[in-house]
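Enquirer: below: sequence and its predicted model.
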Protein chains: 2
Amino acid sequence: MALIVQKFGGTSVADCQRIKNVVSRVTATKNAGNDVAVVLSAMAGETNRLIDLARQVQSRPDPREMDVLLSTGEQVTISLFAMAAKEMGYEARSFLGHQIPICTDATFGRARIEGIPNEAVRQVIRAGGIPVIAGFQGVTSLGDITTLGRGGSDTTAVAVAVAIGADICEIYTDVDGVYTTDPNVCAQARKIDRISYEEMMEMASLGAKVLHIRSVEFAMRYGMPLHVRSSFSDDTGTLVVEEDESMEDILVSGVTYSRQEARITVAKVPDKPGIAAGIFNQISDANVVVDMIIQNTRQGDLTDITFTVPQDDYETALEIVKRVAGQIGAEEVAGDDNIAKVSIVGVGMRNHSGVASRMFDILASHGINILMISTSEIKISCVIDEKYTELAVRALHEGFGLDQGPARK
Amino acid sequence: MALIVQKFGGTSVADCQRIKNVVSRVTATKNAGNDVAVVLSAMAGETNRLIDLARQVQSRPDPREMDVLLSTGEQVTISLFAMAAKEMGYEARSFLGHQIPICTDATFGRARIEGIPNEAVRQVIRAGGIPVIAGFQGVTSLGDITTLGRGGSDTTAVAVAVAIGADICEIYTDVDGVYTTDPNVCAQARKIDRISYEEMMEMASLGAKVLHIRSVEFAMRYGMPLHVRSSFSDDTGTLVVEEDESMEDILVSGVTYSRQEARITVAKVPDKPGIAAGIFNQISDANVVVDMIIQNTRQGDLTDITFTVPQDDYETALEIVKRVAGQIGAEEVAGDDNIAKVSIVGVGMRNHSGVASRMFDILASHGINILMISTSEIKISCVIDEKYTELAVRALHEGFGLDQGPARK
């Protein structure tokens, strides 16, 4: 007997038949003696359909009105789910963001949850019913509708789980868990049975798409266990939990990659204080997020600065840098958007030296040149030529033994 | 300089281009120096699409959840309208039912408006903006979403107009006004320039579909002038206003008809007190609404009772009556669902005698037999064989001079 939050993504509720299937799954959990609260996304494709409508009427859609529009997607699925549950003889009650309320700040399009009263939801559970909660949406203190941005329904699910004191938050998706790497690139990829919050956050931020980083962050802060699993099978998926000692036995938990990067180099910059600030302030003013930054010392009083930006912002950033380069006396600006970032993640590397050099060796043994390196306590990322992406991922996956034996239990 | 509420129906906002056209129309009114508040319906077809989804998951969709589902339709159009208005350089702000709030009782699917605070809407108008209000929806005191039922957006528009003290409420639709009769049946039908609330209510309840009776009722109670007009032309439409003396100069304002009726006769009923009650109580218990009732005296102590019910309820009612007939000792039960009701409406008939006999003469002169008659102060209805419907409508339209000269100014 547990209190469980179950979240289902867009592909799981893509049509009426799938919604009925999801109801069967939820009620099976209930029949097994558990209490369940459900969080739903919009039907797959619906959000894109609505965005397309918005773009037909406004070139840069107004953020407040966009949230009014987008929040209809989840409103449709929760009402249909509640009806389908009633049809099968269960009590169910839909909750919109403003009905709970899921209180957020007023940053339309990527609002942050500030608080969730649990009384309304708990009351339905106490009465034996199933609360069916719209993911992705919230409401400001002034009554305006907000949405939480990419991966928002996962965040709703975790926040609701924390608010009602659930034992676990199950994230149902179209894959059966978190993998050691992308199975589309590496056929030897295997499902990970248990992963720590920190590793999951690194993997999410490095390109693994199964969970959004904000929901993991939220779960970690409140110690809410997550279970990522498939809505199309009954198999156990991946548990995202607090780190424990046994997790350090494995050096590397996963290999990720991202092609959505571009690199810019400003060469022969006068090596004086304030020069880097001059460049990055202006890039930041243009709302471009810089990822890796490397500064090399050259001979004399010149230096080179290299950094990466999201590929979508490459042209914007390059333009800014070229303008600034003249002002600060830099001699050359070069750019490259045919790059990729491959990363290895694992809490095991905290207490083991030599992981980085092993990574470099593996890449070198396949003739892959490393353009940039960045590290944190539990991950190492290398920027390489984009054409080597798949090769690098497979080489690292094999080189760190991720294709052998069971993944971490 | 006036304060105007403009309501646009589903065909007027059926796609993004039409929404832009509606914005142009609204802003033209604003540019002419008026303040405007807008009330919108869902895109044409959207409500049916949602109802179809609901029926796929629940045989008799739950009324509360149905309202959560259906209210998304207007949510989409108001957000798109606000975006389109901003794109054209105007300030606009969408309002959902619960954001104003439009307070209703908790009768899901056909809720009644209990009150509308005007502060939020007026504030947008004072700031020079356009409030864009979702029609058809409201919210209960407990925060549940409700819908107002058929014609609900018209009712929202009138209620908002009353709440903010508008000078007029314009109902934009796909026809250019209220007609003397259905132009599809009678090519000589002409637009009525002015009609009284009472006549409009009779016409709405007798089959004219351009306005729903509840919105007219609301407008009459608060003396809010309505202007029914086309969203596809700039022509003046029909003004629905308080009755004035000049209106009585015209005997008959319009001819309506309805084929959605069925007739049931219980023959040779013992003519004793309580017999009629015995029949109609049981029909009422089955939620069947009886329209006309006629009781004829027969020879001796027997009587015949004939009444009409909506065609959709005909089978249900017939079954009940057959059962009751045995209990009360009636000898025969007969039914007929091939009937129609044709009516003439006009405040002029209040002070003129002979209108009814003229109607009967006209029908008789075309060989149309009258099966039942019912009258009120400003209307006369006759039930006839359904096959004569169009003939009767055209004959009455011509017979009362509605096809000649200008319609009432």
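Expert: Sure thing, it's come through. Numbering: from 1, shown residues only, chains lettered A, B, ... in the order given.

Enquirer: residues from chain A in reach of chain B?
Expert: A:16, A:19-20, A:50, A:53-54, A:56-59, A:61-62, A:64-66, A:68-69, A:71-72, A:75-76, A:78-80, A:82-84, A:86-87, A:93-94, A:96, A:98-99, A:143-145 (C-beta under 8 Å from any C-beta of the partner chain). Glycine gets a C-beta too; all of them are placed from N, C-alpha and C.

Enquirer: just the buried subset of these, please.
Expert: Buried members of those, counted by 16 or more other C-beta atoms under 10 Å in any protein chain shown: A:16, A:19-20, A:50, A:53-54, A:56-58, A:61-62, A:64-66, A:68-69, A:71-72, A:75-76, A:78-80, A:82-84, A:86-87, A:93-94, A:96, A:98-99, A:144-145.

Enquirer: so which residues of the stretch 251-400 of chain A form helices?
Expert: Here the stretch 251-400 of chain A has its helices, by DSSP state H, counting those that start in this stretch, at A:275-285, A:314-328, A:355-365, A:389-399.

Enquirer: pick the most buried one from those helices.
Expert: Each of those was scored by mean neighbour count; the highest is helix A:389-399, a mean of 20, by mean count of other C-beta atoms under 10 Å in any protein chain shown.

Enquirer: give the rounded mean pLDDT of that helix.
Expert: Averaging pLDDT along helix A:389-399 gives 96.

Enquirer: what sits up against it?
Expert: A:180-182, A:185-186, A:188-189, A:252, A:255, A:257, A:259, A:340, A:342, A:344, A:358-359, A:362-363, A:365-366, A:368, A:382, A:384, A:403 (C-beta atoms under 8 Å, 6 or more residues apart in numbering or on different chains).

Enquirer: give me the angle between that helix and helix A:355-365.
Expert: Computed by axes from the mean of the first three to the mean of the last three C-alpha atoms, to 10 degrees, the angle separating helix A:389-399 from helix A:355-365 equals 130 degrees.

Enquirer: dump the C-alpha coordinates for helix A:389-399 into CSV.
Expert: The C-alpha coordinates for helix A:389-399 follow below in CSV (Å, rounded to 0.1, in the frame of the first residue of the first chain):
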residue,chain,number,x,y,z
THR,A,389,29.9,11.5,-33.1
GLU,A,390,28.6,7.9,-33.4
LEU,A,391,32.0,6.4,-33.6
ALA,A,392,33.1,8.2,-30.4
VAL,A,393,29.9,7.2,-28.5
ARG,A,394,30.3,3.5,-29.4
ALA,A,395,34.0,3.6,-28.6
LEU,A,396,33.5,5.1,-25.2
HIS,A,397,30.5,2.8,-24.5
GLU,A,398,32.6,-0.2,-25.2
GLY,A,399,35.8,1.2,-23.7
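
Enquirer: lowest mean pLDDT across the helices of the stretch 251-400 of chain A, which one is that?
Expert: Across the helices of the stretch 251-400 of chain A, helix A:275-285 gives the lowest mean pLDDT, at a mean of 86.

Enquirer: what is that one packed up against?
Expert: Counting contacts by 3 or more C-beta pairs under 8 Å, 6 or more residues apart in numbering or on different chains; DSSP states H and E, helix A:275-285 is packed against strand A:293-297, strand A:302-310, helix A:314-328.

Enquirer: now with 7 Å, please.
Expert: helix A:314-328 (3 or more C-beta pairs under 7 Å, 6 or more residues apart in numbering or on different chains; DSSP states H and E).

Enquirer: quick one on the thing from earlier: out of the helices of the stretch 251-400 of chain A, flag the one nearest residue A:112.
Expert: Comparison of these against residue A:112 by C-beta to C-beta identifies helix A:275-285 as nearest, at 20.3 Å.

Enquirer: pull the distance from the closest one to the chain's centre.
Expert: Computed by C-alpha atoms, centre = their mean, to the nearest Å, the chain-centroid distance of helix A:275-285 equals 27 Å.

Enquirer: could the helices of the stretch 251-400 of chain A go into JSON lines alongside distance to residue A:294?
Expert: Listed next are the helices of the stretch 251-400 of chain A as JSON lines, based on distance: least, C-beta to C-beta, whole Å:
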{"stretch": "helix A:275-285", "distance to residue A:294": "11"}
{"stretch": "helix A:314-328", "distance to residue A:294": "15"}
{"stretch": "helix A:355-365", "distance to residue A:294": "15"}
{"stretch": "helix A:389-399", "distance to residue A:294": "19"}
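
Enquirer: out of the ones you listed, nearest to residue A:349?
Expert: Judging these by C-beta to C-beta, what sits closest to residue A:349 is helix A:355-365, at 4.3 Å.

Enquirer: who are the packing partners of that closest one?
Expert: strand A:370-376, strand A:379-385, helix A:389-399.

Enquirer: rebuild these as CSV, extending it with distance to residue B:161.
Expert: Output for those, formatted as CSV (distance: least, C-beta to C-beta, whole Å):
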stretch, distance to residue B:161
strand A:370-376, 61
strand A:379-385, 61
helix A:389-399, 62
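
Enquirer: just the buried ones out of the contacts of helix A:389-399, please.
Expert: For the contacts of helix A:389-399, buried by 16+ other C-beta under 10 Å: A:180-182, A:185-186, A:189, A:252, A:255, A:257, A:340, A:342, A:344, A:358-359, A:362-363, A:368, A:382, A:384, A:403.

Enquirer: looking at the residues of chain A next to chain B, which are in helices?
Expert: Using DSSP state H, the subset of the residues of chain A next to chain B located in helices is A:16, A:19-20, A:50, A:53-54, A:56-57, A:64-66, A:68-69, A:72, A:75-76, A:78-80, A:82-84, A:86-87.

Enquirer: most remote residue from chain A's center?
Expert: residue A:300 (43.5 Å; C-alpha atoms, centre = their mean).

Enquirer: if I look at it, how far off is chain B?
Expert: Residue A:300 is 54 Å from chain B, where distance means C-beta to the nearest C-beta, to the nearest Å.

Enquirer: what pLDDT does the model give that residue?
Expert: pLDDT, read off for residue A:300, is 74.

Enquirer: could you report the pLDDT at the residue of the stretch 301-409 of chain A found nearest chain B?
Expert: The stretch 301-409 of chain A approaches chain B most closely through residue A:312 (22.8 Å), counting by C-beta to the nearest C-beta. On the pLDDT scale, residue A:312 is placed at 89.

Enquirer: can you count the residues close to the closest residue to it other than its chain neighbours?
Expert: Nearest residue to residue A:312, sequence neighbours excluded (C-beta to C-beta, 6 or more residues apart in numbering or on different chains): residue A:260, at 7.4 Å. Using other C-beta atoms under 10 Å in any protein chain shown, residue A:260 has 16 other residues around it.

Enquirer: need the contact list for the closest residue to residue A:348 other than its chain neighbours.
Expert: Leaving aside its sequence neighbours, residue A:348 sits nearest to residue A:251 (C-beta to C-beta, 6+ apart; 4.1 Å). Residues in contact with residue A:251 (C-beta atoms under 7 Å, 6 or more residues apart in numbering or on different chains) are A:346, A:348, A:349, A:352, A:355, A:400.
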